[in-house]
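Trainee: The amino acid sequence is not available; the structure is as follows:
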């Protein structure tokens, strides 16, 4: 992935929650809000958002996505995919929540959380994972942080969930205006 910043037009139409900024991948394939002061690191196949400059971070939210061929993805097993990923997790897990499923704005989402003992730090950590599909976009989002920071981190996860959009098409990112999302 390649990071590119844009200067927005005065009539841009973008809106985020107070204290947050908008992240958009691939002209609207994935869009959500992240805390305004978080640091963005672009990897080859994902983007990671950190609360502090690594290696001193306390939290990291990572997003990757795939463009899928045109198809009716309504039966795509997001819950099963997430369940399989959670079963394959090799960390020292001490708690797993049940999987929550949701459908909204043309998306189907499944997400869950677990707590584990971090092998390096020997501290309890929380890991939240989301698998979603919308339009022809499949997304994976993970959010890892120290469990002791739950009160500060949970609102960030919830803001991401509220603002998440998949499979949009934004021809001019400086305007923020969405064109027919079914053209993706």
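Mentor: Looks like it came in fine. These numbers were taken from a predicted model, which means no experiment stands behind them. Numbers count the residues shown, from 1 in each chain.
Trainee: Bridging across strands, which residues link to the spatially most central residue of the chain?
Mentor: The chain has residue 141 as the residue nearest its centroid, 3.9 Å off, counting by Cα atoms, centre = their mean. For residue 141, the beta-bridge assignment (DSSP bridges) gives partners residue 63, residue 130.
Trainee: for it, what are its contacts?
Mentor: For residue 141, the residues meeting the contact criterion (Cβ atoms under 8 Å, 6 or more residues apart in numbering) are 61, 62, 63, 129, 130, 132, 160, 164. C-beta coordinates here come from the backbone N, C-alpha and C atoms, glycine included.
Trainee: how about these in a markdown table, adding distance to residue 121?
Mentor: Shown next, in a markdown table, are those (distance: Cβ to Cβ, whole Å):
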| residue | distance to residue 121 |
| --- | --- |
| 61 | 19 |
| 62 | 18 |
| 63 | 24 |
| 129 | 20 |
| 130 | 24 |
| 132 | 30 |
| 160 | 24 |
| 164 | 29 |
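Trainee: Pick the one among the residues you listed closest to residue 31.
Mentor: Distances from the contacts of residue 141 to residue 31 were compared by Cβ to Cβ; the smallest belongs to residue 164, at 7.2 Å.
Trainee: just checking, that closest one touches residue 133?
Mentor: No: with contact defined as Cβ atoms under 8 Å, residue 164 and residue 133 do not form a contacting pair (11.7 Å).
Trainee: shared neighbours, the two?
Mentor: Among the neighbours of residue 164, those also in contact with residue 133 (Cβ under 8 Å, 6+ apart) are 107, 139.
Trainee: So for the two, which residue has more residues nearby?
Mentor: It is residue 133, of residue 164 and residue 133, that has more neighbours when counted by other Cβ atoms under 10 Å, with 24 against 21.
Trainee: how about the helix or strand where the more buried one lies: buried residues?
Mentor: Following DSSP states H and E, the helix or strand that holds residue 133 is strand 124-134. Of the residues in strand 124-134, those scored as buried under the neighbour-count criterion (16 or more other Cβ atoms under 10 Å) are 124, 125, 126, 127, 128, 129, 130, 131, 132, 133, 134.
Trainee: cool, and stretch 90-103?
Mentor: By neighbour count with 16+ other Cβ under 10 Å, stretch 90-103 contains the buried residues residue 99.
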